[in-house]
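> sequence unknown, structure follows:
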Ligand code: PMP
Ligand code: GLN
């Protein structure tokens with residue numbers, strides 16, 4: 001076809017999940033939780049399917065969901081939203097597509113912080129833009145204004161920021177988020193702030209929304225995902241938060257991407273967003289316990305585990321674990337020979353900065369984590 005998408009590989013998530021199925025492996029690759037679906041929201045979606053209409057909801061979302069999402073973000077991020085500041089999309093992925101299509105013109109450049117979610121670059125390029133990357137480095141993945149400045153040129157139009165950061169589980173500090181804001185303000189950039197992991201932040205770390213920093217709301221499209229908030233990744237209900245001409249343009253892009261999203265799922269998500277704060281905290285604490293369990297088991301197997309402050313993921317430093325292979329090679333062999341799937345962080349990078357780092361999903365039952373660690377330990381001993 002000679003189109004941009006024609007030349008792209010199948011995503012690493014799809015490929016690894018396929019290999020995990022083919023080999024009957026434990027799948028710690030693609031990020032989805034196992035065994036934690038909130039029964040109240042499932043019941044609510046089932047009820048809404050039979051008791052409410054199943055025809056097109058308004059393009060910007062069910063009024064009750066937009067109102068519930070505004071209240072949710074006012075509670076957690078200290079914003080002052082009304083329902084008018086919300087557009088419901090078919091997953092955060094659609095919100096990203098709408099945001100890039102609405103803000104990028106041919107020739108524009110977008111600053112992308114790597115590791116970067118795999119959808120960003122193809123969507124930026126499809127919109128006619130070019131990605132200018134800056135690479136964070138293990139083990140701390142720290143972000144500074146100086147680093148961002150190296151990628152800014154007179155053509156830079158926007159910056160995409162993923163906080164908390166998939167795949168490495170960073171919850172950026174207030175200082176780091178303010179550094180991002182300072183660069184956007186200095187160079188008059190639009191920010192696309194992918195905050196889908198915002199409520200899965202652990203220990204003493206706190207999520208700081210870029211939209212909440214002084215001067216940023218007007219220039220930011222913040223993106224959320226019910227899939228991550230409630231551990232229902234197949235639902236694909238996304239949230240786009242912003243105001244003024246920026247949100248209007250993104251809402252117009254959304255009209256011609258999907259127009260709308262399944263009404264029963266929207267109704268159930270509206271109910272979930274009204275959960276007491278405590279319930280989100282309980283969810284996060286349970287995930288932190290799973291992280292600790294997998295980290296301890298892998299450490300006992302001789303792996304160097306990198307710190308994880310957020311998301312469903314922790315990473316292994318393979319070189320520091322005595323392995324000289326790339327994470328790509330390790331992942332390909334581990335799924336076939338030892339029955340565990342993981343994701344090489346190189347899939348999120350355009351350069352070699354993290355070639356020896358492997359991502360594992362810890363949002364799984366204890367027994368599965370224990371067995372995976374044991375199998376990975378066997379692989380390590382075989383290949384070290
Ligand atoms: N952005 C990031 C950083 C993600 O990790 C994901 C999914 N894991 C998405 C966007 C996509 O979210 P959704 O499934 O709601 O489309
Ligand atoms: N975001 C999920 C992850 O990082 C995967 C999403 C997908 O499969 N495209 O694992």
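Now that the structure is in, tell me what you want to look at. This structure is a prediction, so every number in the text was calculated from the model and none was measured. Ligands and ions are numbered 1, 2, ... in the order given.

> so residue 151 touches residue 134, yeah?
Yes. The criterion here is CB atoms under 8 Å, and residue 151 meets it with residue 134 at 4.8 Å. All C-beta spots, glycine's among them, are computed from the backbone N, C-alpha and C.

> and the gap between residue 26 and residue 223?
Separation of residue 26 from residue 223 (CB to CB, to the nearest Å) stands at 30 Å.

> So those two - more neighbours on which side?
In terms of neighbours (other CB atoms under 10 Å), residue 223 is the more surrounded of residue 26 and residue 223; the figures are 28 against 24.

> That one - that's part of a strand, no?
Yes. Going by DSSP: H, G, I helix; E, B strand; the rest coil, the assignment for residue 223 places it inside a strand.

> Excluding chain neighbours, what is closest to the residue of the chain found nearest ligand 1?
When scored by CB to the nearest ligand atom, the chain has residue 91 as its residue closest to ligand 1, at 2.8 Å. Closest residue in space to residue 91, ignoring its immediate chain neighbours: residue 236 at 3.6 Å, by CB to CB, 6 or more residues apart in numbering.

> show me what contacts the one you found?
90-91, 93-94, 227, 261, 265 (CB atoms under 8 Å, 6 or more residues apart in numbering).

> 7 Å instead, please
90-91, 227 (CB atoms under 7 Å, 6 or more residues apart in numbering).

> Put the buried members of the residues you listed into a PyMOL selection.
Under the burial definition 16 or more other CB atoms under 10 Å, those of those that qualify are selected in PyMOL by:
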select buried, resi 90+91+227
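
> what's the closest of the contacts of residue 236 to residue 187?
Distance ranking of the contacts of residue 236 against residue 187, using CB to CB, places residue 91 first at 29.7 Å.

> Could you report the distance from that closest one to ligand 2?
9 Å (CB to the nearest ligand atom, to the nearest Å).

> cool, and residue 99?
Counting by CB to the nearest ligand atom, the gap from residue 99 to ligand 2 is 17 Å.

> count of neighbours near that residue?
For residue 99, the count of nearby residues is 33 (other CB under 10 Å).

> what's the helix or strand for it?
Assigned by DSSP states H and E, residue 99 belongs to helix 91-103.

> Check the average confidence over that helix, would you?
For helix 91-103, mean pLDDT is 98.

> ok, residues contacting that helix?
Identification of contacts with helix 91-103 by CB under 7 Å, 6+ apart yields 89, 119-120, 123-124, 127, 157-158, 190, 192, 194, 196, 221, 223-225, 227, 236-238, 240, 249-250, 252-254, 257-258.

> Pull the distance from that helix to the chain's centre.
The offset between the C-alpha centroid of helix 91-103 and the centroid of the whole chain comes to 14 Å, using CA atoms, centre = their mean, to the nearest Å.

> ditto for stretch 208-222
18 Å.

> what about it, how long is it end to end?
In stretch 208-222, first residue to last residue: 12 Å (CA to CA, to the nearest Å).

> Give me the residues contacting that stretch.
77-79, 99, 161, 163, 172, 174, 177-178, 180-181, 184-185, 190-193, 195, 240-244, 246-247, 250.

> from the contacts of helix 91-103, which ones fall inside strands?
89, 157-158, 190, 192, 194, 221, 223-225, 238, 240 (DSSP state E).

> can you tell me which of the residues you listed are up against ligand 1?
194, 225, 238 (CB under 6 Å from any ligand atom).

> Closest one to ligand 2 out of those residues, please.
Of all those, ligand 2 sits closest to residue 225, with 8.9 Å by CB to the nearest ligand atom.

> Any idea what the closest one is bridged to?
According to DSSP bridges, the partner residues bridging residue 225 are residue 238.

> Please report how far it lies from residue 194.
Taking CB to CB, one finds residue 225 at 9 Å from residue 194.

> With residue 254 instead?
In terms of CB to CB, residue 254 sits 16 Å off from residue 194.

> wait, does stretch 27-37 contact ligand 2?
Yes. Legend: contact between stretch 27-37 and ligand 2 by CB under 6 Å from any ligand atom is shown at 30-31.

> end-to-end on that stretch?
By CA to CA, the extent of stretch 27-37 from end to end equals 17 Å.

> Can you point out the buried residues in stretch 299-311?
301, 303-306, 308-311.

> which one of the residues you listed is nearest residue 352?
For these, the nearest to residue 352 is residue 306 (17.1 Å; CB to CB).

> Verify the stated contact: that closest one with residue 319.
No. Counting by CB atoms under 7 Å, residue 306 sits too far from residue 319 to count as a contact (11.8 Å).

> Overlap in contacts, those two.
Common neighbours of residue 306 and residue 319, counting by CB under 7 Å, 6+ apart, are absent.

> Near ligand 1, which residues of the stretch 1-150 of the chain are found?
Within the stretch 1-150 of the chain, the positions near ligand 1 by CB under 6 Å from any ligand atom are 31, 91-93, 117.

> Quick one: residues contacting the nearest residue to residue 261 once chain neighbours are set aside.
Ranked by CB to CB, 6+ apart and with sequence neighbours excluded, the top spatial neighbour of residue 261 is residue 90, at 4.7 Å. With contact set as CB under 7 Å, 6+ apart, residue 90 has these partners: 236, 238, 258, 261.

> I'd like those laid out as CSV, including distance to ligand 2.
Below are the contacts of residue 90 laid out as CSV (distance: CB to the nearest ligand atom, whole Å):
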residue, distance to ligand 2
236, 10
238, 12
258, 16
261, 17
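
> Reformat those residues as CSV; add distance to residue 38 and pLDDT.
Below are those laid out as CSV (distance: CB to CB, whole Å; pLDDT from 0 to 100):
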residue, distance to residue 38, pLDDT
236, 16, 98
238, 18, 98
258, 25, 98
261, 19, 98
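
> Got phi/psi on residue 163?
phi -140, psi 120 (degrees, to the nearest 10).
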